[in-house]
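# I'd like to go over a predicted model; first the sequence, then the structure.
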Amino acid sequence: MLNCAIIGEAMPQDASIADIGSGAGLPGIPLALARPDLSITLIEPLLKRSTFLLEVVEELQLDNVTVVRGRAEEKAIKAEVGTVDVVTSRAVAPLGKLAQWSLPLVTRGGVMIAMKGSSVSEELERDAKIIKKAGGGSAEIQLVGVGIVEEPTHLIRIPRVR
């Protein structure tokens with residue numbers, strides 16, 4: 001859970017965030033607790049999980065969190081969520097597929113920030129053409145949580161350029 005909260009280091013102040021494939025609320029819920037200045041939308045397609053997320057948001061009184069049931073790539077979800085400053089995710093899909101789902105939700109000049117493992121460089125190299133086609137610019141790999149957690153978290157930041 002802590003590795004989800006520490007990604008807040010990579011988020012701009014007062015940003016709007018969409019967490020796609022939220023599942024059990026990771027990284028969105030810990031991020032909302034660590035950074036109450038952020039406005040977070042959790043996007044989760046499964047009814048059981050989205051119901052759970054609604055209950056957690058209510059129980060923790062997270063006024064800065066909204067839960068939306070659906071898939072990030074669906075037209076209705078894109079219309080409901082609109083565009084945000086940052087789209088984040090954890091363990092959702094390979095990088096290329098993730099970029100295709102995430103970047104359309106990112107406002108031009110915003111970023112997609114995905115939690116990835118140490119093999120992120122290989123994924124980036126493999127999926128570079130797909131990322132560019134989805135509107136992504138030059139990616140940056142970032143470590144967060146250095147000196148805070150035993151194993152820092154690898155993030156990949158991809159700006160939306162078109």
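Cool, got the structure.
# what about the strands in this structure?
Per DSSP state E, the chain carries strands over the ranges 16-20, 39-44, 65-69, 84-90, 106-116, 140-144, 153-159.
# which helices and strands does the last one pack with?
Judged by 3 or more Cβ pairs under 8 Å, 6 or more residues apart in numbering; DSSP states H and E, the packing partners of strand 153-159 are strand 106-116, helix 120-133, strand 140-144. No exception for glycine: its C-beta is placed from N, CA and C like everyone else's.
# So which of those is nearest G96?
Among the helices and strands packed on strand 153-159, helix 120-133 comes nearest to G96, with 3.3 Å by Cβ to Cβ.
# now the angle from that closest one to strand 153-159?
Angle between the axes of helix 120-133 and strand 153-159 is 20 degrees (criterion: axes from the mean of the first three to the mean of the last three Cα atoms, to 10 degrees).
# Contact partners for the closest residue to E73 other than its chain neighbours?
Nearest residue to E73, sequence neighbours excluded (Cβ to Cβ, 6 or more residues apart in numbering): W101, at 4.8 Å. Contacts for W101 (Cβ atoms under 8 Å, 6 or more residues apart in numbering) come out as I20, R71, A72, E73, V92, A93.
# For ChimeraX, what selects the buried ones among these?
Entered in ChimeraX, the line below selects the buried ones among those, by 16 or more other Cβ atoms under 10 Å:
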select :20,72,92
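# what about the helices and strands packed on strand 153-159, which gets the closest to T88?
Judging the helices and strands packed on strand 153-159 by Cβ to Cβ, what sits closest to T88 is strand 106-116, at 4.9 Å.
# can you give me the offset of stretch 5-16 from its chain's centre?
A distance of 10 Å separates the centroid of the chain from that of stretch 5-16, by Cα atoms, centre = their mean, to the nearest Å.
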